[in-house]
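Enquirer: turn this into a structure:
(chains A and B)
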There are 2 protein chains.
Amino acid sequence: MYIPTLADMLVAHERIKPHVHRTPVLTSSFLNALTGAELFFKCENFQKAAAFKVRGASNAVFGLTDEQAKNGVCTHSSGNHALSLSYAAGRRGIPCHVVMPHTAPQAKKDAVTGYGGKITECEPSTTSREAVFAKVQEATGADFVHPYNDHRVIAGQATCSRELNEQVDGLDAVVAPIGGGGMISGTCLTLSNLAPQVKIFAAEPEQADDACRSFRAGHIIADDAPVTVADGLKVPLKELTWHFVSNHVTDILTASEQEIIDAMRLIWARMKIVMEPSSAVPLATILKNKDVFAGKRVGVIVTGGNVDLDKLPWMKN
Amino acid sequence: MYIPTLADMLVAHERIKPHVHRTPVLTSSFLNALTGAELFFKCENFQKAAAFKVRGASNAVFGLTDEQAKNGVCTHSSGNHALSLSYAAGRRGIPCHVVMPHTAPQAKKDAVTGYGGKITECEPSTTSREAVFAKVQEATGADFVHPYNDHRVIAGQATCSRELNEQVDGLDAVVAPIGGGGMISGTCLTLSNLAPQVKIFAAEPEQADDACRSFRAGHIIADDAPVTVADGLKVPLKELTWHFVSNHVTDILTASEQEIIDAMRLIWARMKIVMEPSSAVPLATILKNKDVFAGKRVGVIVTGGNVDLDKLPWMKN
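Expert: Next up is the predicted model:
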């Protein structure tokens, strides 16, 4: 298992610069007053493909030699990695094969197709996903870019907190959502090297709290097909992300479905930005654990903005 | 009738700086490709009180002497001016009396109350509004800050395009929504002095197109209680805004209700920002008049972000 390094992050950042945005950091005096903390929202919902995952995907795609790239890339993903890899492959002009659950939001499926990705659907479970994917990979010979258990992907995601650390002075903590752990691992990679005093918190839905239980148990616990509105956070940790989580994360905090939805609506209403449920989990956990963050300067990773505008979770249908 | 000058705008900008944001300008490669123009969105939805109107309201409130301010301020407004004036009065610590139609979005009523404004409701017509307002003004002795037919307010709104002109080089045109004409008048005031080569277009709902008909006729035509999803744009021109519109506007373009809703949804989906229907009218008219804007660098004023998140216009209820 190759553990990506600070040098890998720096190379990744140079490599992906032509293909990604340096996203802005927004603040809200209302949310600062409400939480008692100073919150700095790193807005990856404004990123290309509306997701931080375009960083890791671009690093993987543009790091391939021409020979490696000729059969394209392939992956399985609950959504944002799929469309990010499709975007990056499209920029390079190579095929992208994606296995995704048929239950994924229509907006994400449309975006994958819009960027030129080819979708093969599976059931919404890790087991089905991996079985269908094996067939696709064998048929195409494409390079497999795992959504998070891939050192190239983690080095790419790590560029996000490098920017945040440059954009905000004197951070005390960073809170990011955790699903498979790619963003958190990248955050650990960068901050443990460049700003080791910054505490790193992962935020997770109670209903998909396998990372939290893994953290407490000291080994990976994987659930099959948890149900949560935060559809980007259903996947389990793998060995590479477990390395970073177990070595560098201060704590993993959880929030209920209603707390996540309330936090999401609060951000939309007060900050006037569109972001997906997964991105609201950090604020939900900060509101629940005010004593942990009071008086602190806290970076919050807004991971993506791909949400079905016809099915907002606070609308009663 | 006093016509505000460039000096008034410059004084206003110094006066209001502690109370308002210098809002960011966002771009979208997708919308540029779709329109064939280079669009620069001046995001007043991220403004304090989520509306450009806080500029004019703050200029009026903070320009009062202590003697003038002692009875507070009062106004009638379809929404954003009401909450902006409440915000500014709250910052100064003086009362704010607001007459608003009972049909105004609940989100706007809540925001007015949240900032400390006192609401008196009227019917959704200009006639009723003015009658109820006269009583409130007489009872309180408060200083009347008209939502747009007030030189202090126009000088304040004019600070928005000063920033836009500093933030974007080589603008060819600016498109802003038109209701009573306060934002357009401020835009005319600033650009006719600082960048007279920039063409100014007003964008209006077809179903509330009194400004467009006034422009064609050469005199003010006022409708009573037009119906449109763009609830900020229902009010008629008055003599002061007519001065700017008739002297400096290149053209007034209109869009249908469906075109406005489609443009709004497109901005939410692609730019990941929350803005109100009125703010989508410029993009709707640009999409309808691509030949006018093709190849041009076009500023687009996103006037506000106060929308009822439970009643989005594209949701079928």
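
Enquirer: every contact and neighbour count from this point should use C-alpha atoms.
Expert: Fine.

Enquirer: in space, what's closest to the residue in the stretch 101-250 of chain A that chain B sits nearest to - neighbours in sequence excluded?
Expert: Going by Cα to the nearest Cα, chain B is nearest to A:Ala107 of the stretch 101-250 of chain A, at 9.2 Å. Once flanking residues are discounted, A:Ala107 sits nearest to A:Asp308: 5.5 Å by Cα to Cα, 6 or more residues apart in numbering or on different chains.

Enquirer: please spell out which residues along the least confident helix or strand in chain A by mean pLDDT are buried.
Expert: Using mean pLDDT, DSSP states H and E, helix A:106-114 stands out as the lowest-scoring helix or strand of chain A, at a mean of 85. Using 16 or more other Cα atoms under 10 Å in any protein chain shown as the test for burial, helix A:106-114 gives A:108-109, A:111-113.

Enquirer: could I have it exported to CSV, CA atoms only?
Expert: Below are the C-alpha coordinates for helix A:106-114, written out as CSV (Å, rounded to 0.1, in the frame of the first residue of the first chain):
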residue,chain,number,x,y,z
GLN,A,106,-31.2,11.9,-11.6
ALA,A,107,-29.2,15.1,-11.5
LYS,A,108,-26.0,13.1,-11.0
LYS,A,109,-26.8,10.6,-13.7
ASP,A,110,-27.6,13.5,-16.2
ALA,A,111,-24.4,15.2,-15.3
VAL,A,112,-22.3,12.0,-15.9
THR,A,113,-23.9,11.6,-19.3
GLY,A,114,-23.5,15.3,-20.0
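
Enquirer: for it, the distance to its chain's centre please.
Expert: A distance of 17 Å separates the centroid of the chain from that of helix A:106-114, by Cα atoms, centre = their mean, to the nearest Å.

Enquirer: quick check: what element follows that helix along the chain?
Expert: strand A:118-122 (DSSP states H and E).

Enquirer: tabulate the CA atom coordinates of the biggest helix by length in chain A in PDB.
Expert: Longest helix in chain A by number of residues, with DSSP state H as the criterion: helix A:151-167. Extracted C-alpha coordinates of helix A:151-167, given in PDB (Å, rounded to 0.1, in the frame of the first residue of the first chain):
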ATOM      1  CA  HIS A 151      -3.200   7.400  -3.600                       C
ATOM      2  CA  ARG A 152      -3.600   9.600  -6.800                       C
ATOM      3  CA  VAL A 153      -7.200  10.500  -5.700                       C
ATOM      4  CA  ILE A 154      -6.200  11.300  -2.100                       C
ATOM      5  CA  ALA A 155      -3.300  13.500  -3.300                       C
ATOM      6  CA  GLY A 156      -5.800  15.400  -5.500                       C
ATOM      7  CA  GLN A 157      -8.300  15.900  -2.700                       C
ATOM      8  CA  ALA A 158      -5.500  17.100  -0.500                       C
ATOM      9  CA  THR A 159      -5.100  20.200  -2.600                       C
ATOM     10  CA  CYS A 160      -8.400  21.500  -1.200                       C
ATOM     11  CA  SER A 161      -7.100  22.000   2.300                       C
ATOM     12  CA  ARG A 162      -3.900  23.500   1.000                       C
ATOM     13  CA  GLU A 163      -5.900  26.300  -0.500                       C
ATOM     14  CA  LEU A 164      -8.100  26.600   2.600                       C
ATOM     15  CA  ASN A 165      -4.900  26.900   4.700                       C
ATOM     16  CA  GLU A 166      -3.600  29.700   2.400                       C
ATOM     17  CA  GLN A 167      -7.000  31.500   2.400                       C
END
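
Enquirer: which bits of the stretch 1-150 of chain A sit near chain B?
Expert: Applying Cα under 8 Å from any Cα of the partner chain, we find that the stretch 1-150 of chain A lies next to chain B at A:45-46, A:50.

Enquirer: one more time with 7 Å
Expert: Neighbours of chain B within the stretch 1-150 of chain A, by Cα under 7 Å from any Cα of the partner chain: A:45-46.

Enquirer: in the stretch 1-150 of chain A, which spans are strands?
Expert: Assigned by DSSP state E, counting those that start in this stretch, the strands in the stretch 1-150 of chain A fall at A:25-26, A:38-43, A:73-76, A:96-101, A:118-122, A:143-144.

Enquirer: how about the residues of the stretch 201-317 of chain A that lie near chain B?
Expert: Counting by Cα under 7 Å from any Cα, the stretch 201-317 of chain A sits next to chain B at A:268, A:271-275, A:305, A:310, A:315.

Enquirer: can you do 8 Å?
Expert: Counting by Cα under 8 Å from any Cα, the stretch 201-317 of chain A sits next to chain B at A:268-269, A:271-275, A:305-306, A:309-310, A:314-315.

Enquirer: go ahead and confirm A:Ala111 touches A:Leu85.
Expert: No: if you go by Cα atoms under 8 Å, A:Ala111 and A:Leu85 don't touch, sitting 11.1 Å apart.

Enquirer: may I see the residues of the stretch 201-317 of chain A next to chain B arranged in a markdown table, with neighbour count as well?
Expert: Shown next, in a markdown table, are those (neighbours: other Cα atoms under 10 Å in any protein chain shown):
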| residue | neighbour count |
| --- | --- |
| A:Trp268 | 20 |
| A:Ala269 | 19 |
| A:Met271 | 23 |
| A:Lys272 | 24 |
| A:Ile273 | 25 |
| A:Val274 | 27 |
| A:Met275 | 27 |
| A:Gly305 | 29 |
| A:Asn306 | 27 |
| A:Leu309 | 16 |
| A:Asp310 | 14 |
| A:Trp314 | 13 |
| A:Met315 | 12 |
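
Enquirer: what strand or helix carries A:Leu240?
Expert: With DSSP H and E as criterion, A:Leu240 is part of helix A:239-248.

Enquirer: next secondary structure after that helix?
Expert: Counting by DSSP H and E, what follows helix A:239-248 is strand A:251-255.

Enquirer: now tell me what touches that next one from outside.
Expert: Residues from elsewhere that reach strand A:251-255 (Cα atoms under 8 Å, 6 or more residues apart in numbering or on different chains): A:200-206, A:209, A:211-212, A:215, A:281, A:284-285, A:288.

Enquirer: and those residues, which are buried?
Expert: A:200-206, A:209, A:211-212, A:215, A:281, A:284-285.
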